[in-house]
Structure formats: structure tokens, C-alpha cells
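> Pasting the sequence and the predicted model now:
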Amino acid sequence: MKTAVCPGSFDPITLGHLNIIKRTARIFDKVYVCVMKNSEKKSLFTEEERVELIRRTVKHLDNVEVETADGLLVEYAKEKGAAVIIRGLRAVSDFDWEFQMALANRKIEPAIDTLFLASSEKYTYLSSTVVKEMAKYGADLREFVPREIIEDIVNKMNNKG
Ligand code: ADP
């Protein structure tokens, strides 16, 4: 069985993330979407909330599971029997950091490879940060995130401010 991990912050999941997850699920038998705990980044949603939002969005994809993990990504991948980590690439600006991480991960775990999927052109501009910025000013979020989670984002923004 071919297994892949799609790691990220997903704060919150966007249509760009979903596009990468769906394409990964077509290539691999099993996909683990992993919300990585990252104390460096200030997040809008808690890890548990992010997991719940992703689960709601991917519930029609039978071979996709959503979890959280902390610690080393390659350790998580190994635990799941995944030989591949999938990352999406939007623009050249993503490349330096992603390349560096891929090499560092291979150094600590040579059996696990990182594969990059080119972003779908209609989502190259899209990030969770853009979504949060738009939500802050009450923009229509339908072009940015799955419909099932729009209300959660609006509510979270309202409660915050
Ligand atoms: P991280 O903090 O690990 O970068 P993100 O949630 O920002 O987490 O992104 C998770 C993954 O999804 C990364 O591989 C990122 O490049 C990819 N990604 C994010 N937005 C898009 C998009 N619009 N199109 C394609 N890939 C994307």
C-alpha cells in the first residue's frame, strides 16, 4: 500500500490545500493529512479545531485521514508507514524554504522522500493568511475556502474582535 503524508498548519484549510489533498488521494492508496503543532506560529484556530474543519471538508474522500502530530515530521511519516511527504508549491518564493526542509528531512530519514505538487494556477495566490485577512474585513470567502467551514471562520473572527 502506497501511503503519503500531507503536513501543514491549515489555519484554516483553504481551497488550495484541498486541491493538493484531493490530487494526493488520487495518486496514493492512503493519505494522512497532518496538522503539525507549531509553537512558533500564532494560530487562529486550535489544532483540534483545525482537524475538525479539515475532516468536515474531506469526509467524502475515503482514503484520507486527518490527525495532529508534534515533533519530527519524518518520525510521524515513518509511524504511518508513509514513504512520501507531499508539499504544494505555489511560487518561487515557496521554493527556498521547501527545498531546505526536504533536504534536512532526507538527511535525518533517507527512506522518506518529499514530493512537490505544483499548485493549481487558480490557487497560486491563496494562503491561510490571505483568508484571515479577507475574513477580517468581511469579504465573501466562497472563492477561498470550502463552503462547509465559512461560518466557522466568520464566527471565530467575530468572537476574536
Ligand atoms: P506550513 O505552515 O507547513 O507551510 P500551510 O498550511 O501553510 O503549512 O501549507 C501546507 C501545505 O499546503 C504546504 O505544502 C503548502 O505549500 C501547501 N499550500 C498552501 N496553500 C496552497 C495553495 N494555494 N496551493 C497549493 N499548495 C498550497
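Arrived safely, thanks for sending.

> Count residues in the vicinity of A4, would you?
When neighbours are defined as other C-beta atoms under 10 Å, A4 has 23 of them. In short, each C-beta sits where N, CA and C put it, glycine included.

> which outside residues touch the host helix or strand of it?
Using DSSP states H and E, A4 falls within strand 3-8. Strand 3-8 has contacts (C-beta atoms under 8 Å, 6 or more residues apart in numbering) with 17, 20-21, 24, 27-36, 69, 73, 76-77, 80-87, 115.

> quick one: buried residues of the following helix or strand past that strand?
As assigned by DSSP H and E, the chain's next helix or strand after strand 3-8 is helix 15-27. Neighbour counts using 16 or more other C-beta atoms under 10 Å place L15, G16, H17, L18, N19, I20, I21, R23, T24, A25 of helix 15-27 among the buried residues.

> List just the nearest of these to the ligand.
G16 (2.1 Å; C-beta to the nearest ligand atom).

> For that closest one, which non-adjacent residue is closest in space?
Computed as C-beta to C-beta, 6 or more residues apart in numbering, the closest residue to G16 that is not its neighbour in sequence is Y123, at 3.6 Å.

> so who does that neighbour touch?
Neighbouring residues of Y123 by C-beta under 8 Å, 6+ apart: T14, L15, G16, N19, R90.

> since we're on L103, how many residues are nearby?
So L103, with other C-beta under 10 Å, has 10 neighbours.

> now, the most widely separated pair of the contacts of Y123?
L15 and R90 (12.6 Å; C-beta to C-beta).

> Identify the contacts common to these two.
With C-beta under 8 Å, 6+ apart as the test, L15 and R90 both reach Y123, L126.

> about what we covered before: the residue nearest to G16 and R90: what is the separation?
From Y123 across to R90, the span is 8 Å (C-beta to C-beta, to the nearest Å).

> What residues does this structure have near the ligand?
The chain comes close to the ligand at residues 8-10, 14, 16-17, 20, 87-88, 90, 94, 119, 123, 126-128, as judged by C-beta under 6 Å from any ligand atom.

> And these, which is closest to M1?
Checking the residues of the chain next to the ligand one by one against M1 (C-beta to C-beta), the nearest turns out to be I20, at 20.4 Å.

> Identify the residue spatially nearest to the closest one, adjacent ones excluded.
Nearest non-adjacent residue to I20 (C-beta to C-beta, 6+ apart): G88, at 4.2 Å.

> Surely that neighbour is in a strand?
Yes. Residue state for G88 (DSSP: H, G, I helix; E, B strand; the rest coil) corresponds to a strand.
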